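Student: 3D model of this:
(one chain, ligands or ions: 1)
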Amino acid sequence: MDRIVVRPGPPLAGTVQVGGAKNACLKVMAASLLAPGRYVLDNVPRIIDVETMSDVLVAMGVDVRRSGPHQLTLDVPEELTPEAPYELVERMRASIIVLGPLLASCGVARVALPGGDDFGPRPIDMHLRGLEALGASFEAAHGYIEGRAEQLTGTRILLEFPSVGATENILMAAVRAKGVTVIDNAAREPEIADLAAFLDRMGARVTGAGTSTIHVEGVEELASVDHTLVPDRVEAATFLAAVGLARGEIFIEGARADHMDMLVQKLGEMGMRISPASGGLWAYSRGRLRAVDVATLPYPGIATDYKPLFVALLSVADGVGIVTENLFAGRFRYVDELTRMGADIRTEGNHAVVRGIDRLSGAPVRAPDIRAGAALVVAGLAADGETVVTDPQHVDRGYENLAGKLSSLGADVSRFND
Ligand code: EPU
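Tutor: The predicted structure is shown next:
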């Protein structure tokens, strides 16, 4: 049985390198569908979701190869097969992000409808409404959504909620639309700013990405370019949580404090010391952390992806913390696993009340998704005895060698593949 085994160890010490952001990489790969030619992407993490997005692109006729440990070369042909099949979308619902680029470059797109997942329902209504406003039309049949767009035309789109995926799909369609598109109440995540920087270098005219209002002036032609991805703030947050739980002093090379302001502030309130240094982030944790309340919000708020890490930290903090999930209704399922490790957590609707205890107790637990899986691994650092995290392939979807990176900081974490 594949598993990650964690045992208590000394306080963490040393330097760990943060990889490129999964959620920027997947979108930049999809954006390559906007223009034929060769793209060389750097700082690409070696994770399963990147493999899945590579398979999605290969199914469309793109030649994808690893040209270095963290480099991907994409050769996008003139003619694409504009279809994302069910077996790939089912593996990774983020595949829906090819919809906008395909409509913009081929005028048609056939993409399997993503189902719900462990977080609960994952609708794409805002993606579709935004693309419709640009002139696309959609039909759903046999589990697929089929889109057509003779001519995309710029317009003002006011998003009901700053959805990351909807903002990106609309942005990637708008770069090839006729005229100006304004996306209001856009998501502001750093990965969206990275995507926009990539599009700009391809020849697009995008301003305001990273703010709530994005202006896009459509252009007729785009060209392939090379790009280096921004660092993964959620991976960096995972190392911060690790040092919060195991204590110690580490340097997270490549992490960008300016992408994680609210997180750094919250962890500071809990008693951690975190400061930006040249080329990364220095983090120090000594003694027991204090409980705080945490509510997830779209960027620049506390990311929903950080939440399982906070629940793990609060489970051994001094006091009671209330965690409120405002994005994904079902994103508390891993709490039962932490409870098996002795954590005192009660959930009610979208709230969790976490009463800190002195130490967790190692137990066999199952990783339900990428982030919760990583949180269970780092929770094991604050547990007596052995914590065995099964289904680690969920963790591999978003983390490159999490066990190895934590071990390099002195943690007792091993990965076993049977
Ligand atoms: N929503 C709708 N309709 C839509 C789109 C979204 O109702 O058409 C709702 C969702 O159900 C959810 C909220 O809006 O309640 C936010 O969803 P959003 O669209 O912002 O999320 P996403 O684009 O599906 C990305 C990340 C997630 C991250 C969220 C929130 C990628 C591939 N995924 O998802 O990351 O949690 O933004 O920040 O970028 C992960 O990396 O493990 C992960 C799950």
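
Student: can you show me the strands along the stretch 101-250 of the chain?
Tutor: Listed in chain order, the strands of the stretch 101-250 of the chain (DSSP state E, counting those that start in this stretch) span 108-112, 137-141, 144-148, 156-158, 180-184, 205-207, 213-217, 227-228, 248-253.

Student: would you reformat those as a markdown table and include mean neighbour count and distance to residue 322?
Tutor: In short, each C-beta sits where N, CA and C put it, glycine included. Formatted as a markdown table, these follow (neighbours: other Cβ atoms under 10 Å; distance: least, Cβ to Cβ, whole Å):
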| stretch | mean neighbour count | distance to residue 322 |
| --- | --- | --- |
| strand 108-112 | 22 | 38 |
| strand 137-141 | 12 | 39 |
| strand 144-148 | 18 | 38 |
| strand 156-158 | 15 | 32 |
| strand 180-184 | 20 | 32 |
| strand 205-207 | 16 | 39 |
| strand 213-217 | 19 | 33 |
| strand 227-228 | 18 | 39 |
| strand 248-253 | 21 | 28 |
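
Student: got the ones you listed as JSON lines, with mean pLDDT columns?
Tutor: Shown next, in JSON lines, are the strands of the stretch 101-250 of the chain (pLDDT from 0 to 100):
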{"stretch": "strand 108-112", "mean pLDDT": "96"}
{"stretch": "strand 137-141", "mean pLDDT": "93"}
{"stretch": "strand 144-148", "mean pLDDT": "96"}
{"stretch": "strand 156-158", "mean pLDDT": "98"}
{"stretch": "strand 180-184", "mean pLDDT": "98"}
{"stretch": "strand 205-207", "mean pLDDT": "98"}
{"stretch": "strand 213-217", "mean pLDDT": "98"}
{"stretch": "strand 227-228", "mean pLDDT": "98"}
{"stretch": "strand 248-253", "mean pLDDT": "98"}
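
Student: kindly reformat the ones you listed as JSON lines containing distance to residue 13.
Tutor: Conversion of these to JSON lines gives the following (distance: least, Cβ to Cβ, whole Å):
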{"stretch": "strand 108-112", "distance to residue 13": "46"}
{"stretch": "strand 137-141", "distance to residue 13": "54"}
{"stretch": "strand 144-148", "distance to residue 13": "50"}
{"stretch": "strand 156-158", "distance to residue 13": "49"}
{"stretch": "strand 180-184", "distance to residue 13": "45"}
{"stretch": "strand 205-207", "distance to residue 13": "42"}
{"stretch": "strand 213-217", "distance to residue 13": "42"}
{"stretch": "strand 227-228", "distance to residue 13": "29"}
{"stretch": "strand 248-253", "distance to residue 13": "5"}
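
Student: next, format these as TSV and append distance to the ligand.
Tutor: Conversion of the strands of the stretch 101-250 of the chain to TSV gives the following (distance: least, Cβ to the nearest ligand atom, whole Å):
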stretch	distance to the ligand
strand 108-112	14
strand 137-141	12
strand 144-148	12
strand 156-158	12
strand 180-184	13
strand 205-207	18
strand 213-217	15
strand 227-228	17
strand 248-253	18
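
Student: between those, which one is closest to residue 37.
Tutor: Distance to residue 37, taken as Cβ to Cβ, is lowest for strand 227-228 among the strands of the stretch 101-250 of the chain, at 12.8 Å.

Student: for the closest one, which strands pair with it and how are they oriented?
Tutor: Next to strand 227-228 in the sheet, as set by DSSP bridges, lie strand 37-42 (parallel).

Student: and this structure, which of its residues are near the ligand?
Tutor: With the criterion set to Cβ under 6 Å from any ligand atom, the chain comes near the ligand through 22-23, 26, 94, 122-127, 161, 163-166, 187, 303-305, 327-328, 370-371, 398.

Student: quick one: buried ones out of these?
Tutor: 22-23, 26, 94, 122, 124, 126-127, 163-166, 187, 303-305, 327-328, 370-371, 398 (16 or more other Cβ atoms under 10 Å).

Student: looking at those residues, which are in helices?
Tutor: The helices, defined by DSSP state H, take in 22, 23, 26, 126, 127, 164, 165, 166, 370, 371 from those.

Student: let's have these in CSV, adding pLDDT.
Tutor: Listed next are these as CSV, based on pLDDT from 0 to 100:
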residue, pLDDT
22, 98
23, 98
26, 98
126, 96
127, 96
164, 98
165, 97
166, 98
370, 94
371, 95
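
Student: what is the nearest of the residues you listed to residue 227?
Tutor: Taking those together and measuring to residue 227 by Cβ to Cβ, the closest member is residue 26, at 13.1 Å.

Student: ranges for the helices of the stretch 201-350 of the chain?
Tutor: For the stretch 201-350 of the chain, applying DSSP state H, counting those that start in this stretch gives helices covering 233-246, 261-270, 307-315, 335-340.

Student: what lies in contact with the shortest one?
Tutor: Applying Cβ atoms under 8 Å, 6 or more residues apart in numbering, the set of residues contacting helix 335-340 from outside is 311-312, 315, 343, 345, 347, 352, 360, 363-366, 368, 372, 375-376, 379.
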